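In: Please find the sequence and the predicted model below.
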Amino acid sequence: MSLSFDRIVKMLLIFAPIALIAELTHANPVLVFVLACLGIIPLADLIGEATEELAHHTGPKIGGLLNATLGNAAELIITIFALREGLVELVKASIVGSILGNLLLVLGLSLLLGGLKNGIQKFDPRTAGLNATLLILAVVALAIPSLFDVAIQQNLAAELGLSEGVAVIMIILYALSVIYSFTHQGGEHDGAHPTTRDPATAHHATKWSVRTSLIVLVVATLGIVVMSEVLVGAVGHVTETLGLSELFIGIIIVPLVGNVAEHLVAVQVAIKNKMELSLAVSLGSSLQVALFVAPVLVFISLLLGGETLLLVFSSFELIALVSAALVGAFVALDGESNWLEGAMLLGVYAMVALAFFALPA
């Protein structure tokens, strides 16, 4: 199953040069957008694979650090280009969408398919509970600037100061969570920062050398940079042509494109009855986006010199975030899961997607 999946993903690489050609020949922007999305998927998978190979060479602690910083590299690059184009609402929506996608769609599919095949699945409630607590904290941190913005929105300096202060605290908390996962977890597969896609292959012979891994990482990252510029350049035409809002594109489409390979890995290992790793991928990726990617983007927006990204989200986004965090936390706390819990998570995701689809462009 994994072999055929890898082959299918690698075959999608052909869409990267096709998307570039379509962009250079000024093809239909909607077609360019679709081709760029398809081209990003295998490039993001290559970044993950190269990071995993480097982890085998460097050991679990350095590998965990690499994963903690590069785990959402594709989406980070896409959002940086969106910031450069002034698409701040799209960036904030993609932050929310990544968290929702991991907590509701990925975790839901993992619990549903894993439960249907294996029945009740068990995992370490201590690790899951810690990640769930961090997740609630992350959502609270994202909500604070939004709630207080009502009172200080006339003072831009205060708004920026609040977002910057919260961003710094979030990055510190993320760093502390990484340190804790290194020093208090039982192995390289526990905690919020898994370093390998499958525990069974943790000590297998590496496929690539360090040099090859670094070359693949650099080339795939450059490919993501090019595809991200193509994708972001077509967003405006897509919203006008298809009548989709930036919120829907950011919450549903961008997170799926940047993380679909990692998402499918989480589902695969759940089917293999390895819920520890599946939860580490889904919850860990959510934490990484909330506590690392979002605050880092605040400072990147300042460096770009355009419109500043404030951690101020709409009421729609906040409601979706809080709902997903609470449901995901409750599912993770008891140390066991079943297919019904997965169906419920997928149901919530479907309702959220339908709601944002209904919003006018």
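Out: Looks like it came in fine. Numbers count the residues shown, from 1 in each chain.

In: where does the stretch 201-350 of the chain have low pLDDT?
Out: 201-205 (pLDDT under 70).

In: residue ranges for the strands of it, please.
Out: 336-337 (DSSP state E, counting those that start in this stretch).

In: Which parts of it are helices?
Out: Counting by DSSP state H, counting those that start in this stretch, the stretch 201-350 of the chain has helices at residues 210-242, 246-248, 254-271, 275-288, 294-304, 315-333, 339-358.

In: Deepest-packed of the ones you listed, please.
Out: With neighbours taken as mean count of other Cβ atoms under 10 Å, the helices of the stretch 201-350 of the chain reach their highest mean count in helix 275-288, at a mean of 27. (Each C-beta comes from the backbone N, C-alpha and C, glycine too.)

In: what angle separates that helix from helix 254-271?
Out: 160 degrees (axes from the mean of the first three to the mean of the last three Cα atoms, to 10 degrees).

In: what's helix 275-288 packed up against?
Out: Applying 3 or more Cβ pairs under 8 Å, 6 or more residues apart in numbering; DSSP states H and E, one finds that helix 275-288 contacts helix 88-100, helix 107-118, helix 125-152, helix 156-184, helix 254-271, helix 315-333.

In: List the contacts of the residue nearest the centre of the chain.
Out: For the chain, the residue sitting closest to the mean C-alpha position, by Cα atoms, centre = their mean, is residue 98 at 4.4 Å. The contact partners of residue 98, by Cβ atoms under 8 Å, 6 or more residues apart in numbering, come to 72, 75, 255, 258, 259, 285, 286, 289, 293.

In: right, and the pair among these with maximum separation?
Out: The widest separation within the contacts of residue 98, taken as Cβ to Cβ, falls between 258 and 286 and amounts to 13.6 Å.

In: what sits against residue 270?
Out: When contacts are counted by Cβ under 8 Å, 6+ apart, residue 270 is found next to 109, 110, 111, 113, 114, 121, 278.

In: Distance of the closest residue in space to the third one that isn't next to it in sequence relative to residue 160?
Out: Once its chain neighbours are removed from consideration, residue 111 has its nearest residue in residue 342; the separation is 3.0 Å (Cβ to Cβ, 6 or more residues apart in numbering). Computed with Cβ to Cβ, to the nearest Å, the distance linking residue 342 and residue 160 is 41 Å.

In: since we're on residue 336, how many residues are nearby?
Out: Counted with other Cβ atoms under 10 Å, the neighbours of residue 336 add up to 15.

In: correct me, but it touches residue 119?
Out: No. Judged on Cβ atoms under 8 Å, residue 336 makes no contact with residue 119 at a distance of 10.1 Å.

In: Surely residue 344 and residue 328 touch.
Out: No. Here residue 344 does not reach residue 328: they are 10.8 Å apart, not a contact under Cβ under 8 Å.

In: shared neighbours, the two?
Out: With the criterion set as Cβ under 8 Å, 6+ apart, the contacts of residue 344 and residue 328 do not overlap.

In: From the centre of the chain, point out the most distant residue.
Out: What lies farthest from the middle of the chain is residue 154; by Cα atoms, centre = their mean that is 32.5 Å.

In: Help me confirm that that residue is found in a helix?
Out: No. Membership of residue 154 in a helix is not supported by DSSP: H, G, I helix; E, B strand; the rest coil, which gives coil.

In: coming back round to it: could you measure from the residue nearest to residue 111 over to residue 93?
Out: The gap separating residue 342 from residue 93 is 25 Å, by Cβ to Cβ.

In: same thing with residue 309?
Out: Taking Cβ to Cβ, one finds residue 309 at 12 Å from residue 93.

In: Looking at those two, which is more packed in?
Out: With neighbours defined as other Cβ under 10 Å, residue 309 and residue 93 compare such that residue 93 has more, 29 against 25.

In: ok, that one touching residue 317?
Out: Yes. Counting by Cβ under 8 Å, residue 93 does reach residue 317; the two are 7.0 Å apart.

In: okay, and the common contacts of the two?
Out: Residues touching both residue 93 and residue 317 (Cβ under 8 Å, 6+ apart): 247, 251.

In: give me every residue that touches residue 76.
Out: Taking Cβ under 8 Å, 6+ apart, we find residue 76 in contact with 293, 296, 297.

In: if we go to 10 Å?
Out: 69-70, 94, 224, 228, 258, 288-289, 292-293, 296-297, 300 (Cβ atoms under 10 Å, 6 or more residues apart in numbering).

In: I'd like the residues you listed laid out as CSV, including distance to residue 235.
Out: Converted to CSV, those look like this (distance: Cβ to Cβ, whole Å):
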residue, distance to residue 235
69, 27
70, 25
94, 11
224, 16
228, 11
258, 14
288, 24
289, 20
292, 24
293, 19
296, 21
297, 17
300, 18
